[in-house]
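Student: make a model of this:
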Amino acid sequence: MSDNPVSRIGFRSLLGAAPSVDVVGSGTVERSIVGVRVHRPDVVLLDASPPPPDGIARLARSGTRVVVVTAEQHPLVLVQAVTAGAHGCLVYGHFEPQALADVLVAAARGESSLSRPAVTALVRWVHDGGGPRPDPGLTAREVEILELIAAGLTNREIARRLVITEKTVKNHAHQIYKRLGAAGREHAAARWLELNSATGEEPDRP
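Tutor: Now for the predicted structure:
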């Protein structure tokens, strides 16, 4: 599953030629999550940047193993994908496409496949205590905007508060969502509260 139609065509062509893999369907991420209930595949290949933790968790709860393929390399995002339930996490540029069929077959057997960036992220996460990582790599401005988002302010209100354009706020918000692996404002705010609770700090309130 992928929101990119070109990627869907490429994956279907690549995996359709593999005798060990039977492709039962493809589609956008949201539609495929629903379609999994119908087709009941052994493994789902999820192409998303960033990968949605909520979507991965929903798939994992259905009993389907999930292999994530992503261009995202931020450690927090990769850790979130695995802890949400992904059985494999492959980062573009760190795996061979020709090996993808073998990765899916291995996942069906219960084996995990991780690209080097995912392995590094998980090792660091374990060494940090296995809890939410307190540093998602946000800039000072992104933290400022995220705190206002968590406080319930709209983009327009944030723009007025910080004396910047609404478009600038939207651009920062998009980057914030990517760094946190969040699907939107509410998810980002929840992740921010979770990260702050892990460090014993309270988010600033305007």
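Student: quick one: furthest residue from the center of this protein?
Tutor: residue 163 (31.4 Å; Cα atoms, centre = their mean).
Student: what residues are up against it?
Tutor: By Cβ atoms under 8 Å, 6 or more residues apart in numbering, residue 163 lies in contact with nothing. Heads up, the C-betas are built off the backbone N, CA and C, glycines and all.
Student: distance-wise, check it relative to residue 141.
Tutor: Residue 163 sits 12 Å away from residue 141, taking Cβ to Cβ, to the nearest Å as the criterion.
Student: tally of neighbours for residue 165?
Tutor: 11 (other Cβ atoms under 10 Å).
Student: check contacts around the closest residue to it other than its chain neighbours.
Tutor: The shortest distance from residue 165 to any non-neighbouring residue, by Cβ to Cβ, 6 or more residues apart in numbering, is to residue 159 (6.0 Å). Contact partners of residue 159, counting by Cβ under 8 Å, 6+ apart, are 165-166, 168-169.
Student: doesn't residue 159 lie inside a helix?
Tutor: Yes - applying DSSP: H, G, I helix; E, B strand; the rest coil, one finds residue 159 inside a helix.
Student: now find how far off-centre the one helix or strand residue 14 maps to is within its chain.
Tutor: Here residue 14, judged by DSSP states H and E, is contained in helix 5-16. Computed by Cα atoms, centre = their mean, to the nearest Å, the chain-centroid distance of helix 5-16 equals 20 Å.
Student: tally of neighbours for the nearest residue to residue 73 once chain neighbours are set aside?
Tutor: Nearest residue to residue 73 in three dimensions, chain neighbours excluded: residue 117, at 5.0 Å (Cβ to Cβ, 6+ apart). Other residues lying near residue 117 total 19 when counted by other Cβ under 10 Å.
Student: so residue 117: helix, strand or coil?
Tutor: helix.
Student: test my guess that it contacts residue 90.
Tutor: No - in this structure, residue 117 is not within contact of residue 90 by Cβ atoms under 8 Å, at 9.6 Å.
Student: returning to what we had before: which parts of the helix holding residue 14 are buried?
Tutor: 7-8, 11, 15 (16 or more other Cβ atoms under 10 Å).
Student: so where do the helices sit in the protein?
Tutor: 5-16, 29-39, 53-61, 75-84, 100-108, 116-127, 140-150, 155-162, 166-180, 185-199 (DSSP state H).
Student: tabulate these in a markdown table, adding columns for mean pLDDT.
Tutor: Below are those laid out as a markdown table (pLDDT from 0 to 100):
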| stretch | mean pLDDT |
| --- | --- |
| helix 5-16 | 87 |
| helix 29-39 | 77 |
| helix 53-61 | 83 |
| helix 75-84 | 85 |
| helix 100-108 | 93 |
| helix 116-127 | 88 |
| helix 140-150 | 89 |
| helix 155-162 | 93 |
| helix 166-180 | 90 |
| helix 185-199 | 73 |
